[in-house]
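Trainee: what follows is a protein structure lacking sequence information:
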């Protein structure tokens, strides 16, 4: 099993290396220039090789275009084939693991406690031991039910994204590097999933952060995209500092960085050590999984291509934080105050992000805030004491959220804009996308028989049980349960709003270029379509991944159908339909206006995500910029001034010396004679 797991990780890594090296030959691979400010497939208007005014298409040689096409085709094969083999091996490994354990990879609900959940029960192997003089670092892999299940999710979604990108990015000259970074991203997440050592896990954790920066800023020519990539990188790095120190605390306390040894050493660790370690780890989890207060990077990460949004927000980067808590769950169960903090953050995040999603006009930002909200559901389940419910919802969410993002990409590809105000009436023109996105929204809302109905039921049951089980303080449990139910209603509302505004009503005209609509950082326009082009379904390479992902989004929940708690499920369904019904009633009264008007005076705060970015700008960004300006001024006036002053002093002293060394021989002889006379006089006087 370990050999197969190694291949699952290694194949995408080799694909990344081959893609990055192979994209350099032949050297002149200009092809068609990259898109500029959006998700579309057509080049920027000001880029060479476009039909825009001033572009000189005749300057592009046909051989260069062919070379670019060949490079993209070669890069597609290099990226897709190894990822497909890796996905097949991950599925086989999961099947073998489930057959050996008699389960489906995530254990059924059980009482909270270190002895009940989170114990390592799988196949592990250590390849190398690096002696550091204190705590040894083992390099090894672990295959158990949790790892096998999440690995299937990662590999399948990554394969779908790679195939989808062949059509979506077909005209992008940087597609070879793009597909290579996706492969490296996939390999890094698989390393996190299969890691048997915390230091190995951290390596994959950081590589994902680098790939996220490179992929979000893929269209770096637009300053907004570049700034969004930098923001994502810096915010997640803030959390990663705490995460690294948390690893050090656990490794030092357990005497080993092996995950099994750390978990086995939990009973011997003091409560202070466990609380300190888990609080530090929670900082990294909040950064990677975009939880309050480090959630602000995720909406702006929409600046990247839509397939990247599907990959980051469904199965890889944002799932990593939840996975780490699930992997180290006995450690967190030993630190009850940390679970209370996690519950409060989850409660605030799930409801706040859902309200923000209800007010957005950008379809991708709706899904981004939805991701923050759904990840908070998983965090809430973990805080409530159920790793099973959290991991099950993580898997189903990965399927239906990836489906929703890819469907959003198909819609954007067709209409040429991210904004729902420019959409409408697309159900007849995009029937496949409409059907698939309907399944995705049904799963998001928790409507039967979609997978989200079953997984969200388990999350709500776990949170409800925390009211009486004592795993959380009564105040934290009550806040979490109240926010969870309210979020169910708001989720039904924003999902219904997005569904109606995208596929029903009448299509609104698209705003003119340069109008500024939707030009905020992280909310770029797609520029593929125009107001005069016919709307049509995406090409086959984009449709097939959508159809494949629609199957687990619809049917995956039946794997746990026997665990449904019908009373809680009925309550959740009723609350979701209440939110959906309210939005439908408002929309039905006037289909041409935005149903978000039901928020009334709270619409603007919700649309601005409660101005958290503005608060952070004033509290952190501006002081840091002022400090940086002070440092620059100090460097320029004090440090550089001292250097320049020493130079001027040297020049002045040299000027004095130059008065003597002026090249006048008579002056030199006079000085020599004067010196001789002085010496002679001194000798006579002091004799």
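Mentor: On my side now, so go ahead. Note that this is a predicted model, so its numbers are computed, not measured.
Trainee: which strands or helices does the longest helix seen in the chain pack on?
Mentor: Secondary structure of the chain per DSSP state H: the longest helix is helix 62-101. Using 3 or more Cβ pairs under 8 Å, 6 or more residues apart in numbering; DSSP states H and E, the elements in contact with helix 62-101 are helix 2-22, helix 145-168, helix 175-194. Glycine gets a C-beta too; all of them are placed from N, C-alpha and C.
Trainee: now do it against helix 2-22, angle only.
Mentor: Angle, helix 62-101 to helix 2-22, by axes from the mean of the first three to the mean of the last three Cα atoms, to 10 degrees: 170 degrees.
Trainee: now do the strands in this protein.
Mentor: Assigned by DSSP state E, the chain shows strands spanning 123-130, 137-143.
Trainee: what's the closest of those to residue 542?
Mentor: Nearest to residue 542, of all the strands of the chain, is strand 137-143, at 33.1 Å by Cβ to Cβ.
Trainee: okay, now the unreliable bits of the stretch 1-150 of the chain?
Mentor: For the stretch 1-150 of the chain, the stretches with pLDDT under 70 are 23-68, 102-122, 127-128, 130, 132.
Trainee: still on that earlier bit, for the strands of the chain, which one sits closest to residue 383?
Mentor: Ranking these by distance to residue 383, with Cβ to Cβ as the measure, places strand 137-143 first at 24.6 Å.
Trainee: for the closest one, give me every contacting residue.
Mentor: Strand 137-143 has contacts (Cβ atoms under 8 Å, 6 or more residues apart in numbering) with 1-2, 5-6, 9, 93, 97, 120, 122-130, 194-197, 199-200, 256-260.
Trainee: what angle sits between that strand and helix 175-194?
Mentor: Going by the same axes, to 10 degrees, strand 137-143 makes 90 degrees with helix 175-194.
Trainee: pick the most deeply packed of the strands of the chain.
Mentor: Mean neighbours per residue, mean count of other Cβ atoms under 10 Å, is largest over the strands of the chain for strand 137-143, with a mean of 22.
Trainee: residue 197 reaches residue 258, doesn't it?
Mentor: Yes. Proximity of residue 197 to residue 258 meets the contact threshold set by Cβ atoms under 8 Å, at 5.4 Å.
Trainee: any residues in contact with both of these two?
Mentor: Counting by Cβ under 8 Å, 6+ apart, the contacts common to residue 197 and residue 258 are 126, 138, 140.
Trainee: ok, what's across the strand from the last one?
Mentor: Spelled out, it's residue 140. Residue 140 forms beta bridges with residue 126, as assigned by DSSP bridges.
Trainee: shaky segments in this protein?
Mentor: 23-68, 102-122, 127-128, 130, 132, 315, 470, 508-533, 687.
Trainee: hmm, back to that, how about the strands of the chain in TSV, adding distance to residue 560?
Mentor: Output for the strands of the chain, formatted as TSV (distance: least, Cβ to Cβ, whole Å):
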stretch	distance to residue 560
strand 123-130	24
strand 137-143	22
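Trainee: nearest to residue 236, of these?
Mentor: Closest to residue 236 of those, according to Cβ to Cβ: strand 137-143, at 23.4 Å.
Trainee: so who does the residue lying closest to residue 169 once chain neighbours are set aside touch?
Mentor: Spatial nearest neighbour of residue 169, excluding adjacent residues (Cβ to Cβ, 6 or more residues apart in numbering): residue 175 at 4.8 Å. Residues near residue 175 by Cβ under 8 Å, 6+ apart: 71, 72, 75, 76, 165, 169.
Trainee: from these, pick the one nearest residue 285.
Mentor: For the contacts of residue 175, the nearest to residue 285 is residue 165 (28.4 Å; Cβ to Cβ).
Trainee: what is the burial count for that closest one?
Mentor: Applying other Cβ atoms under 10 Å, we find 29 residues neighbouring residue 165.
Trainee: and it, how far from residue 553?
Mentor: 20 Å (Cβ to Cβ, to the nearest Å).
Trainee: with residue 204 instead?
Mentor: Distance of residue 204 to residue 553, computed by Cβ to Cβ: 26 Å.
Trainee: what do you get for residue 471?
Mentor: The gap separating residue 471 from residue 553 is 31 Å, by Cβ to Cβ.
Trainee: could you report the neighbour count for residue 654?
Mentor: Per other Cβ under 10 Å, the neighbour tally for residue 654 reads 10.
Trainee: ok, now how distant is it from residue 202?
Mentor: Counting by Cβ to Cβ, the gap from residue 654 to residue 202 is 56 Å.
Trainee: about what we covered before: how about the helices and strands packed on helix 62-101 in CSV, adding distance to residue 343?
Mentor: Formatted as CSV, the helices and strands packed on helix 62-101 follow (distance: least, Cβ to Cβ, whole Å):
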stretch, distance to residue 343
helix 2-22, 33
helix 145-168, 22
helix 175-194, 24
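Trainee: which one of the ones you listed lies nearest to residue 497?
Mentor: Taking Cβ to Cβ as the criterion, helix 145-168 is the member of the helices and strands packed on helix 62-101 that comes nearest to residue 497, at 25.4 Å.
Trainee: just checking, what packs against the closest one?
Mentor: Using 3+ Cβ pairs under 8 Å, 6+ apart, the elements in contact with helix 145-168 are helix 2-22, helix 62-101, helix 175-194, helix 306-310, helix 317-327, helix 387-415, helix 540-555.
Trainee: what angle do it and strand 137-143 make?
Mentor: Calculated by the same axes, to 10 degrees, helix 145-168 forms an angle of 80 degrees with strand 137-143.
Trainee: quick one, helix 145-168 and helix 317-327 angle?
Mentor: Going by the same axes, to 10 degrees, helix 145-168 makes 180 degrees with helix 317-327.
Trainee: just want the angle from helix 145-168 to helix 387-415.
Mentor: Interaxial angle, helix 145-168 versus helix 387-415 (the same axes, to 10 degrees): 0 degrees.
Trainee: which residues does stretch 547-562 contact?
Mentor: Stretch 547-562 is contacted by residues 104, 156-157, 160, 392, 395-396, 399-400, 402-403, 406, 432, 435-436, 439-440, 443, 449-455, 458 when judged by Cβ under 8 Å, 6+ apart.
Trainee: give me the phi and psi for residue 257.
Mentor: phi -90, psi 0 (degrees, to the nearest 10).
Trainee: run a quick neighbour tally on it.
Mentor: Count around residue 257 with other Cβ under 10 Å applied: 25.
Trainee: my read: it touches residue 201, true?
Mentor: No. Under the criterion of Cβ under 8 Å, residue 257 makes no contact with residue 201, lying 9.0 Å away.
Trainee: now residue 10: how far from residue 143?
Mentor: Using Cβ to Cβ, one gets 15 Å for the distance from residue 10 to residue 143.
Trainee: and the gap between the residue nearest to residue 454 when sequence neighbours are not counted and residue 381?
Mentor: Leaving aside its chain neighbours, residue 454 sits nearest to residue 557 (3.2 Å; criterion: Cβ to Cβ, 6+ apart). To residue 381, residue 557 is 15 Å away according to Cβ to Cβ.
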